[in-house]
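> Got a predicted structure plus its sequence, pasted below:
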Amino acid sequence: MYAVFCRLVRDAGTGAVFVPAIPCAPQHSVLLLDSIEKQLVEKKEEKYAFFICDIDNFKQVNDRFGHAFGDYCICSFTKAIREHFRKDNILGRIGGDEFVVFIPYSSERWLEEKAAELSKALDMVCTKEQSSCQVSASIGISISLQAGSRFDQLYQSADSALYQTKKNGKNGFTIMELTGEKVADSTDL
């Protein structure tokens, strides 16, 4: 069983599990914040990474193929994300086409390899009945290098990294320290 954010909502149409968008749903956001901050406090010696994964051009997928096909793509993304992380990692959906992952990591090199693997896996063709569409993801990753990091810092840094990935042309990743300094991105490979 995957460790989850508590009181996640299951989408009736897709079966995907998500947390309503942060910070619009305080009760769920607080549980998400508490879950991650608890790990940050209890396991201070660990280094953590927080991922935000956003499906590129998802509005166009829904507009061109319809919401049922868009939901199918979301389910495909959910499956791909689950396959790339351990069962005890924290995974969730925080918005229509945004997913988050919170994991401990051993080295920046390992994290770069994990990000590259995930980016490659999320660059996929979704096919259902007569509809087929190439989709990809932009990924922003923040890393906690020292004790005392907070969820809001990780989230803000991952969000900045996500927008840097989009600025670089989408379909890739950017890893940033909490200071805003870039550690690596998919253009470095």
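Received the coordinates, thanks. Residues are numbered from 1 along each chain as shown.

> can you pull out the strands in this structure?
For the chain, applying DSSP state E gives strands covering 9-10, 17-18, 47-55, 90-93, 98-105, 124-128, 131-135, 137-144, 172-177, 182-185.

> Show me which of those has the highest average neighbour count.
Neighbour counts (mean count of other CB atoms under 10 Å) averaged over each of these peak at strand 137-144, with a mean of 27. C-betas here are computed from N, CA, C, even on glycine.

> pLDDT weak spots in this protein?
The model of the chain has pLDDT under 70 over residues 1-33, 146-148, 189.

> what residues are up against Leu178?
Counting by CB atoms under 8 Å, 6 or more residues apart in numbering, Leu178 makes contact with 142-145, 149, 153-154, 157.

> and it, backbone torsions?
With angles defined as degrees, to the nearest 10, Leu178 sits at phi -60, psi -20.

> Okay, it and Ser149: tell me how far apart.
6 Å (CB to CB, to the nearest Å).

> do the same with Ala116
Going from Ala116 to Ser149 by CB to CB gives 24 Å.

> With neighbour numbers in mind, choose between those two.
Using other CB atoms under 10 Å as the criterion, Ala116 and Ser149 rank with Ser149 on top: 22 against 17.

> Helices along the chain, start to end?
Remark: helices assigned in the chain by DSSP state H are 26-42, 58-65, 67-83, 108-121, 151-167.

> Is there a neighbour count for Val41? I'd like the number.
When neighbours are defined as other CB under 10 Å, Val41 has 12 of them.

> How about the contacts made by the residue of the chain positioned farthest from its centre?
In the chain, the residue that sits farthest from the middle, by CA atoms, centre = their mean, is Gln130; the gap is 28.9 Å. By CB under 8 Å, 6+ apart, Gln130 lies in contact with nothing.

> do you know how far it is from Glu112?
Using CB to CB, Gln130 is found at 39 Å from Glu112.

> Beta-bridge partners for the nearest residue to Ala115 once chain neighbours are set aside, please?
Leaving aside its chain neighbours, Ala115 sits nearest to Phe173 (4.2 Å; criterion: CB to CB, 6 or more residues apart in numbering). Beta-bridge partners of Phe173, counted by DSSP bridges, are Ile139.
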